[in-house]
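Student: Got a predicted structure here, sequence first:
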Amino acid sequence: MEEKIPSVVNPDPSKKISSVEDNGNANNGEYMCNFLSESEIRILVVDGNEKGIKLAKENLTKLGALLVNGALTGNEALDEVKAQKYDVIVSEYDLPDMSGIDLHKKLILQNFTIPFILFTSPGGTDIIKEAIKSSSDFLFQRSGNPVLVYSDLCQKIRQITQLHQAENKLKLYTEELEETVKERTRELEQVHRFSVIGELATMIGHDMRNPLQVITNMEFLAKRRRTQMNSAEYDVLERFGINTILSKIEDETIYLNKIVSDLQDYARDISLNLSLVDVRQLFLDFQLLLKINEKITYNVKVPMGIMISADKELIKRVFSNLITNSISSMTEGGILQVNARTEGENTIIELTDTGKGITEDIFLKIFDPLFTTKPKGTGFGLPVAKRLIEAHNGTIQLESHIGKGTTVTIKLPNNSAKQKISLK
């Protein structure tokens, strides 16, 4: 027995329904449907008969749809969908080049998730089953009074577009929520990783400090004994390269001591003894303290009288690390320039080099502990610098261009705070 689609009924008998003659013209009357939307609803009617498209345009436009276009074939409909956006497609089943269901399948294959209504003449169960398999949103039979038919079609279009909009909003919200969860998970994993690194740094720094102190003491005693030698004994040291060995031990001990200090400063609580520090004098002193290559021009363009409120020893370590990084990036020579200015209660300090710059993949990791591109690097220089700057209630930012160089911008308070500030 052939299955039948339920007939269209008037959901509101109080509404007046105007009749439509065979030529498709409606008498003046009150229609059952209005398109209630903040923006116009764009409908594509696909029908192999131009009269069918004309009838759909006239009735749907009168019912409130602001934009109704037509396509005579499935391929024409595909081209139309590619050319502009539509909110819903209403298609006849029998098209000249394909069925309406095949059109829907092709739209899905081309990733067009547009609500699809199969609008057809009465048919058997085969069409119904095929429509269900193709996931058409509605199977709507065209029969009876055209006004009733298009009024009901109007209702279906409004329902399906509202449902589609709600689904899109839900999908967008779900994607945003999933991304937020992923980001928070990454942050928690990073916090846990940094916590483990901090614990290891504390343990290693403590265990290394004692033997390092012994090496430093032995080196001091060896140098002291050397001053007590006569010329013949000293010549023996020179002949066998002992002085060179002692000098190398001294350099490596200083480097190892820096590693231990970085480990401890990254892991331990930081307590600041604040005082006023002269920025210009601070950077002029670095010219004598650091081994600056003669191929590098070191310019300190800091006005006199600029002061910052800082722990002098810790802030010297910060800028020593930054200057050392800049120097190491200019292997063929270049210019390292320091600028400073006052902005309100803050001082802005900029270190600009003409080095090779930092690639994007490295730039994203420069403040991660243990990340380094240097053969003898520990990966704690910049993380420690960032932590010490933040302990001073300051900020540090980097801007780099490949082949042009890097600028480090630091903001620090310039007021003479008396209290101690601690960061755990």
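Tutor: That came in fine, so what should we check first?
Student: would you say residue 44 is within a helix?
Tutor: No - under DSSP: H, G, I helix; E, B strand; the rest coil, residue 44 sits outside any helix and is assigned strand.
Student: residue contacts, it?
Tutor: Contact analysis of residue 44 by Cβ atoms under 8 Å, 6 or more residues apart in numbering lists 69, 70, 71, 77, 80, 81, 86, 88, 89, 90. All C-beta atoms are positioned from the backbone trio N, CA, C, and that covers glycine.
Student: Show me what the lengthiest helix in the chain is packed up against.
Tutor: Secondary structure of the chain per DSSP state H: the longest helix is helix 146-227. If contacts are counted by 3 or more Cβ pairs under 8 Å, 6 or more residues apart in numbering; DSSP states H and E, helix 146-227 sits against helix 50-62, strand 88-91, strand 116-120, strand 138-141, helix 242-267.
Student: Next step: the contacts of residue 44 restricted to strands.
Tutor: 69, 70, 71, 88, 89, 90 (DSSP state E).
Student: beta partners of the last one?
Tutor: With beta bridges defined as DSSP bridges, residue 90 has these partners: residue 45, residue 117.
Student: quick revisit: put together TSV for the contacts of residue 44, with distance to residue 367, neighbour count and pLDDT on each row.
Tutor: Listed next are the contacts of residue 44 as TSV, based on distance: Cβ to Cβ, whole Å; neighbours: other Cβ atoms under 10 Å; pLDDT from 0 to 100:
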residue	distance to residue 367	neighbour count	pLDDT
69	55	16	90
70	59	19	92
71	56	22	92
77	54	27	93
80	52	16	92
81	48	20	91
86	48	19	90
88	51	22	89
89	52	27	90
90	57	26	89
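Student: Just give me the closest of those residues to residue 354.
Tutor: Of all those, residue 81 has the smallest distance to residue 354: 54.0 Å, by Cβ to Cβ.
Student: May I have the secondary structure class of the nearest residue to the closest one once chain neighbours are set aside?
Tutor: Nearest non-adjacent residue to residue 81, counting by Cβ to Cβ, 6 or more residues apart in numbering: residue 112, 5.6 Å away. Under three-state DSSP, residue 112 falls in the coil class.
Student: burial count for residue 335?
Tutor: 15 (other Cβ atoms under 10 Å).
Student: Next, the residue nearest to residue 81: phi, psi?
Tutor: phi -100, psi 100 (degrees, to the nearest 10).
Student: any idea of the pLDDT on it?
Tutor: As predicted, residue 112 sits at a pLDDT of 87.
Student: rewinding a little: switch the helices and strands packed on helix 146-227 over to CSV; also include distance to residue 181.
Tutor: Putting these into CSV (distance: least, Cβ to Cβ, whole Å) gives the following:
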stretch, distance to residue 181
helix 50-62, 43
strand 88-91, 33
strand 116-120, 33
strand 138-141, 35
helix 242-267, 29
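Student: Flag every buried residue along stretch 397-410.
Tutor: For stretch 397-410, the neighbour count (16 or more other Cβ atoms under 10 Å) marks 400, 405, 406, 407, 408, 410 as buried.
Student: May I have the secondary structure class of the last one?
Tutor: For residue 410, the assignment made with three-state DSSP gives strand.
Student: So what's the residue count around the residue nearest to it when sequence neighbours are not counted?
Tutor: Nearest residue to residue 410 in three dimensions, chain neighbours excluded: residue 349, at 4.7 Å (Cβ to Cβ, 6+ apart). Residues lying near residue 349 (other Cβ under 10 Å) number 25.
Student: residues contacting residue 349?
Tutor: Residue 349 touches 279, 338, 339, 340, 409, 410, 411, 412, counting by Cβ under 8 Å, 6+ apart.
Student: Torsion angles phi and psi at it?
Tutor: Residue torsions, per degrees, to the nearest 10, at residue 349 are phi -120, psi 130.
Student: do you know how far it is from residue 304?
Tutor: According to Cβ to Cβ, to the nearest Å, residue 349 stands 15 Å off from residue 304.
Student: do residue 115 as well
Tutor: 72 Å.
Student: between the two, who's got more neighbours?
Tutor: Neighbour count, other Cβ under 10 Å: between residue 115 and residue 304, residue 115 has more, with 22 against 8.
Student: so the more buried one sits right up against residue 87, yeah?
Tutor: Yes - contact status for residue 115 versus residue 87: in contact at 7.1 Å, counting by Cβ atoms under 8 Å.
Student: Spit out the residues that contact the two alike.
Tutor: 161, 164.
Student: Can you report how many residues neighbour the closest residue to residue 380 other than its chain neighbours?
Tutor: Spatial nearest neighbour of residue 380, excluding adjacent residues (Cβ to Cβ, 6+ apart): residue 262 at 3.9 Å. Number of residues near residue 262 (other Cβ under 10 Å) recorded here: 22.
Student: One more: residue 189?
Tutor: Other residues close to residue 189 by other Cβ under 10 Å number 10.
Student: the domain parsing of this protein - what is it?
Tutor: 42-174, 186-267, 270-423 (automatic domain parsing).
Student: Can I get the ones you listed in CSV including distance to residue 180?
Tutor: Shown next, in CSV, are the domains of the chain (distance: least, Cβ to Cβ, whole Å):
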stretch, distance to residue 180
domain 42-174, 10
domain 186-267, 10
domain 270-423, 20
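Student: And residue 412, how far from residue 399?
Tutor: 18 Å.
Student: What of residue 112?
Tutor: 43 Å.
Student: What of residue 390?
Tutor: 19 Å.
Student: swap in residue 146?
Tutor: 67 Å.
Student: Same check on residue 174?
Tutor: 36 Å.
Student: Geometric centre of the chain: which residue is closest?
Tutor: With distances taken as Cα atoms, centre = their mean, residue 183 lies nearest the centre of the chain, 9.6 Å away.
Student: Name all residues that make contact with that one.
Tutor: So residue 183 contacts nothing (Cβ under 8 Å, 6+ apart).
Student: And the pLDDT at it?
Tutor: 85.
Student: From residue 236, how far off is it?
Tutor: The value you get for residue 183 to residue 236, if Cβ to Cβ is used, is 66 Å.
Student: Now residue 257. Nearest residue, chain neighbours left out?
Tutor: residue 212 (6.2 Å).
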